[in-house]
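Engineer: coords please:
(2 chains)
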Protein chains: 2
Amino acid sequence: MNEKIKWLKEKINGLNIQGMIVSNPVNIRYLTGIDAEGVLLITRKENYYITDSRYLEEVKSIITIDDEIIVSNVTDINQYDYENFFSFCENVGFEENYITYSTYKKYMQKYKANNLEETDGIIEKQRMIKDEEEINLLQKACNITDNCFNHLLKFIKIGMTEKQIAYEIEKYFLENDADGLSFETIVASGKNSSKPHAKTTDKKIEAGDPITIDFGCRYKGYCSDMTRTIFAGFVPENIKPIYDLVLSNQLQTAKDMKEGAEMRVLFRNVENDFKLHGYSLVHSLGHGVGLDIHEQPSINQKNDNTLKANMVVTNEPGIYILGEFGVRIEDTVLITKSGCINLTKSNKNYIIVG
Amino acid sequence: MNEKIKWLKEKINGLNIQGMIVSNPVNIRYLTGIDAEGVLLITRKENYYITDSRYLEEVKSIITIDDEIIVSNVTDINQYDYENFFSFCENVGFEENYITYSTYKKYMQKYKANNLEETDGIIEKQRMIKDEEEINLLQKACNITDNCFNHLLKFIKIGMTEKQIAYEIEKYFLENDADGLSFETIVASGKNSSKPHAKTTDKKIEAGDPITIDFGCRYKGYCSDMTRTIFAGFVPENIKPIYDLVLSNQLQTAKDMKEGAEMRVLFRNVENDFKLHGYSLVHSLGHGVGLDIHEQPSINQKNDNTLKANMVVTNEPGIYILGEFGVRIEDTVLITKSGCINLTKSNKNYIIVG
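Structural biologist: Predicted structure coming up:
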């Protein structure tokens, strides 16, 4: 049987759950490699993937005999089959953080399970720890992103619009092996950079503008995430101290990130240093990256957990002076026992374009 | 008070529901114009929109006094406030088709409502009927789409890849006033067109290829949706009869679509004509279009309802010969009392490019 499904079966057995309905397509892709619409049923005997005619051929071509997954067309499954999947199961797990309240009620009716049991994101938690193949794919997505950034440094000219830059990023990704964007690119220049979640606009780049570019691609499903704040023409003197403060905290965080580091401590260290200088840290310091662009863990003041080896997370402090400008510097990094390895490796010193 | 919220308050009162938690951001945008992350609370006295610091300023700049919506920062709301929002409410509505099972449980705890009541998509159902302003925005999105199609006819050349065409579509939209794509563009050529939900690939366009292009943009949030199957170099003789069959059914459906037309009958008419010729209709004949690209109603064999004036839906019959080719022709149309008006107006005769 597929190793990841084997893991899941053992895990739920330990929770006194005898079967599970996996509905989140990202979790299904993680467990099986299947990228389609459907539901994965882990039952006492067999594992089933139920999809529809649109995906049937493709799914069958991906699954191997070793996966031990029976692929079915939803139109071939009748009410009797549904009621039989989980017969003799005391508890059947479901994904309470993914399925809607109405789907929950439909599952109750359809599967006639004794008890549908919440599973508290067990698969999402397992997804935090990446295996070698996943790390290779994440590294590849990050390499494409670094190369794109190098390309941008030559491409960006004063007078271009933010949208033109965002559009060049997408074009670069599509022409360089990526599946596409991992999220909607942020290109925020001048005052626009003062919003942590800025939208890309038609504003033209002007001399003296800081330009915050937050972007990433997908490679075989896996995401990259990087931010740099660069400068058009010159670096304004008033921005330098803030840039330096963000950068020194980003570098210090990279030194501190390793297996065993408490996430709330990582956050508080940056928060305290920002406060000491009169600023604040208004968003989390980082987040997991994998098949989703935002995964667990979230590195914030409330997270009591520690980093573990083979987590892949972002390191992204930022300072925003409302209505004036902002600076954010972000890398995607791999946590190891002794430290962290930057998967995105682009230059973080002052960069001038245009 | 905002007219749409006034409608909602009257509607839920009729259902013996005294308050409602609106969580679906598309429904919130429909009711208020707010495009952010947050929750809208319709209470006995006031209406509240609770968001976070990222969106606070922008939301406050959109809302007018006439809207009668109190905008709050989530960090300023304490447990006492939550418990007070729905005091003296017997039943509080929630969106069971949108919120997850775990959010439902959180709402139960947080709001301490007597009873959280399912609302059976009342807002989604209301969204089916478009007002004048919505129709204008939809028409504008469709106009941009028609113009893009005209541009493509000059742009597409034999030897280009499907991805290059998809990318030109996105570029055109961004440079011509659209917010962006309304869904991931499908460009499927040759054999690839035989899949109803094809993915755009690196395949090059060859002479004799049918090219199915399914695409649309957003304009101020509102979506367009159009498909044409065009031909590279020449129209292969074996495809002509199928093209003609799809087109004649698309034109007949356009004649039949008007207030009062039964949706399952519209579907069955096409299905029967396809069967008569040895083919089948493997997807719905159409769907609503608005702030979401796929909205209610779905025009299929199971939908007993009739079309109503001011619905905006697609009309999109298609035939797919597995492993060979496919043809789909789709317009976005406005339903009226006496017929339907095509909002997308591009040519549907044989079109040769390259």
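Engineer: use CA for all of it now, contacts and neighbours both
Structural biologist: Noted.
Engineer: Tell me the helix or strand right after the longest helix seen in chain A.
Structural biologist: Taking DSSP state H as the criterion, chain A has its longest helix at helix A:132-155. Following helix A:132-155 in sequence order, the next helix or strand is helix A:162-175 (DSSP states H and E).
Engineer: average pLDDT for the strand or helix carrying residue A:312?
Structural biologist: Per DSSP H and E, residue A:312 falls inside strand A:312-315. In this model, strand A:312-315 has a mean pLDDT of 98.
Engineer: do the same with stretch A:289-297
Structural biologist: Across stretch A:289-297, pLDDT averages out at 97.
Engineer: hmm, who's touching that stretch?
Structural biologist: Outside stretch A:289-297, the residues that touch it by Cα atoms under 8 Å, 6 or more residues apart in numbering or on different chains are A:26, A:30, A:124-125, A:127-128, A:134, A:138, A:182-183, A:221-225, A:287-288, A:312-314, A:332.
Engineer: Narrow the residues you listed to those in strands?
Structural biologist: In strands, judged by DSSP state E, the following of those are found: A:222-223, A:287-288, A:312-314, A:332.
Engineer: before we move on, back to that, between the longest helix of chain A and helix A:162-175, how big is the angle?
Structural biologist: Put simply, helix A:132-155 runs at 130 degrees to helix A:162-175, going by axes from the mean of the first three to the mean of the last three Cα atoms, to 10 degrees.
Engineer: What residue in the stretch 101-250 of chain A comes nearest to chain B?
Structural biologist: residue A:101 (4.4 Å; Cα to the nearest Cα).
Engineer: tell me the pLDDT at residue A:113?
Structural biologist: 87.
Engineer: In three-state terms, label it for me.
Structural biologist: Using DSSP: H, G, I helix; E, B strand; the rest coil, the structure places residue A:113 in coil.
Engineer: before we move on, the earlier item: now the ones in strands among the contacts of stretch A:289-297 as JSON lines including neighbour count and distance to chain B?
Structural biologist: Shown next, in JSON lines, are those (neighbours: other Cα atoms under 10 Å in any protein chain shown; distance: Cα to the nearest Cα, whole Å):
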{"residue": "A:222", "neighbour count": "24", "distance to chain B": "18"}
{"residue": "A:223", "neighbour count": "29", "distance to chain B": "18"}
{"residue": "A:287", "neighbour count": "19", "distance to chain B": "18"}
{"residue": "A:288", "neighbour count": "24", "distance to chain B": "21"}
{"residue": "A:312", "neighbour count": "31", "distance to chain B": "26"}
{"residue": "A:313", "neighbour count": "32", "distance to chain B": "22"}
{"residue": "A:314", "neighbour count": "28", "distance to chain B": "20"}
{"residue": "A:332", "neighbour count": "29", "distance to chain B": "23"}
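Engineer: on that earlier part again, for the residue of the stretch 101-250 of chain A closest to chain B, what are its contacts?
Structural biologist: The contact partners of residue A:101, by Cα under 8 Å, 6+ apart, come to B:96-101, B:104.
Engineer: how does it look with 6 Å?
Structural biologist: Taking Cα atoms under 6 Å, 6 or more residues apart in numbering or on different chains, we find residue A:101 in contact with B:96, B:100-101.
Engineer: One more: residue A:342?
Structural biologist: residue A:333.
Engineer: And for stretch A:132-141, what's in contact with it?
Structural biologist: Residues external to stretch A:132-141 that are found in contact with it (Cα under 6 Å, 6+ apart): A:218-219, A:222, A:224, A:343.
Engineer: mind redoing it with 7 Å?
Structural biologist: A:217-220, A:222-224, A:343 (Cα atoms under 7 Å, 6 or more residues apart in numbering or on different chains).
Engineer: What is the neighbour count of the closest residue to chain B within the stretch 1-150 of chain A?
Structural biologist: For the stretch 1-150 of chain A, the residue closest to chain B is residue A:100, as judged by Cα to the nearest Cα, at 3.8 Å. Residue crowding around residue A:100 was assessed by other Cα atoms under 10 Å in any protein chain shown; the count is 21.
Engineer: and it, what is it in contact with?
Structural biologist: Counting by Cα under 7 Å, 6+ apart, residue A:100 touches B:96-101.
Engineer: at contact distance from chain B, anything in stretch A:67-84?
Structural biologist: No - contact of stretch A:67-84 with chain B (Cα under 7 Å from any Cα of the partner chain) is absent, the minimum separation being 12.6 Å.
Engineer: Which positions in that stretch come out as buried?
Structural biologist: Residues A:67, A:69, A:71-72, A:82 are the ones in stretch A:67-84 that count as buried (16 or more other Cα atoms under 10 Å in any protein chain shown).
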